[in-house]
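[1] The following comprises the amino acid sequence and a computationally predicted model.
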Amino acid sequence: MWLLLADKLGDNAQALALADATGLPFEIRRLVMKPEWVVGKPPFAASLEHLDLARSDSLAPPWPDLVLTIGRRCAMAGLWVRRQSGGRSRLVVIGRPRGSLEEIDLVVAPPQFLVPDHPKVVRLELPLVRADPGRVAAAGARFRDRLARLPRPLTAVCVGGETKPFRFDAEVARHLARELERLLLRDGGTLYVTTSRRSRPEAVEALASALPSAAILYLFRPDDPDNPYPGLLAHADRFVVTGDSVSMMVEVARLGRPLAIFDLPLVRDPRERLKLALAAPLQPQAPLGWLGDRLRQAGLLGVSRDLRAFHRKLYALGLAVPFGAPFHPPRPAADDDLVRAAARVRALVLSTPERTPTDVGPDEPGRGAPGAP
């Protein structure tokens, strides 16, 4: 089994959790994107054109029994491997499928994605995100002294960034700061605000200028060993997370910490708003939901994401509250999903046809293949 990982830590953590839960051996292949696709989204195809092949791990025969991956960019490479193997390498994708389900052997679908019912789909109650216990414990020890002396309650505010169809610009950042100031005046304690990889500079600047002077603000830096986020997971009394960040919401909820979700407004772009209005009747539970499902199964309609529906699910499960409502300890989050999904992946690996001498790949490893002569 190959595990294709890239630069998104939350995605990597989900894929690793599922691979570990299968109990089967696997090899990690780390993929590095070309600069234009670090944030951008390449057109979906079975391709390696979006990868920096010189910096990525090799994708070359002998091909694996199964490829497990997550996200659009890694799924493109997974589909390429499946085709190079003549279809013998099974493909498992966590998230939303792109195109037809015909070339995907299993979809592990977190609840924020509106994936149609299908025998190849395993639905999750919650995403597979979970904070690494060892990392949290180590950070807890490292940050204990500096966090222990702060006035309580210690409210960790985890700020994400703009993601379709929501905006998080300077105006929204200033609104968040004003609401946090009201929270501080009401409850006292300490605000400890952290930004993330997707936080835009203009939003961060507006947030920094509008926060209460007593608030502590950490500005995200890649690979910073002094990032306080894992330490806050260990010691904060409660959390406010912007509604764009599924990974941070679920990490907090799974740790059993009080969580409030700060909802983000829709983008102003009239074209994006029109797309949302046109797609609404085709969503599950909508009048034409049956037609939407058929179009998605055929790959004619993309699988959309409904973050607000995911927020409502967390509220219904007692795992979070809307920002502004009283904090309360969440109920324990069930973990049956991981067991079910791992069993399906394991069954796929064990049902893979036995290898023959021809399974080492095509005569030519494919244009642009890592490790190709």
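    Arrived safely.
[2] Which stretches in the chain count as helices?
    Using DSSP state H, the helices found in the chain span residues 9-22, 72-84, 133-148, 170-187, 201-210, 229-235, 246-254, 270-279, 289-297, 307-316, 336-350.
[3] Deepest in the core, which of those helices is it.
    Greatest average neighbour count among the helices of the chain goes to helix 246-254 (a mean of 25), per mean count of other Cβ atoms under 10 Å. To be clear about C-beta, it is placed using only N, CA and C from the backbone, and glycine gets the same treatment.
[4] and the spatially closest residue to V193 that is not a sequence neighbour, what does it touch?
    Among residues not flanking V193 along the chain, V157 sits closest, at 4.3 Å (Cβ to Cβ, 6 or more residues apart in numbering). By Cβ atoms under 8 Å, 6 or more residues apart in numbering, V157 lies in contact with 180, 191-194, 239-241.
[5] swap in A131?
    230, 233, 251, 254-255.
[6] Now the two most distant members of those residues.
    Spatial extent of the contacts of A131 (Cβ to Cβ) is set by the pair P230 and R254 at 13.8 Å.
[7] Same list (the contacts of A131) but as a markdown table, adding pLDDT.
    Output for the contacts of A131, formatted as a markdown table (pLDDT from 0 to 100):
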| residue | pLDDT |
| --- | --- |
| P230 | 94 |
| L233 | 96 |
| E251 | 92 |
| R254 | 89 |
| L255 | 91 |
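[8] so which of those comes closest to W37?
    For these, the nearest to W37 is E251 (26.0 Å; Cβ to Cβ).
[9] For the closest residue to that closest one other than its chain neighbours, give its distance to A333.
    Spatial nearest neighbour of E251, excluding adjacent residues (Cβ to Cβ, 6+ apart): A131 at 4.4 Å. Using Cβ to Cβ, to the nearest Å, we find A131 at a distance of 12 Å from A333.
[10] do the same with R221
    For R221, the distance to A333 equals 30 Å [Cβ to Cβ].
[11] How about A234?
    18 Å.
[12] got it, and P258?
    Going from P258 to A333 by Cβ to Cβ gives 13 Å.
[13] what about those two, which has more around it?
    P258 (21 against 18; other Cβ atoms under 10 Å).
[14] what about the protein, any weak spots by pLDDT?
    The chain contains residues with pLDDT under 70 at 99, 269-305, 334-335, 353-373.
[15] domain ranges for it?
    2-125+337-360, 133-267+308-322, 270-302 (automatic domain parsing).
[16] related to what we said a few turns ago, common neighbours of A131 and A333, please.
    R254.
[17] what's around the closest residue to D187 other than its chain neighbours, how many residues?
    Leaving aside its sequence neighbours, D187 sits nearest to P153 (Cβ to Cβ, 6+ apart; 6.2 Å). For P153, the count of nearby residues is 16 (other Cβ under 10 Å).
[18] Distance check, L180 against D244.
    17 Å.
[19] picking that back up, if you look at the contacts of V157, which of them are in strands?
    191-194, 239-241 (DSSP state E).
[20] Would you reformat those as TSV and include distance to A347 and neighbour count?
    TSV is the format used below for the ones in strands among the contacts of V157 (distance: Cβ to Cβ, whole Å; neighbours: other Cβ atoms under 10 Å):
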residue	distance to A347	neighbour count
L191	48	22
Y192	44	23
V193	45	23
T194	40	19
F239	37	26
V240	41	24
V241	35	25
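[21] Can you tell me which of the contacts of A131 is closest to L338?
    Checking those one by one against L338 (Cβ to Cβ), the nearest turns out to be R254, at 10.9 Å.
[22] Go ahead and confirm that closest one touches P330.
    No - with contact defined as Cβ atoms under 8 Å, R254 does not reach P330; the gap is 9.1 Å.
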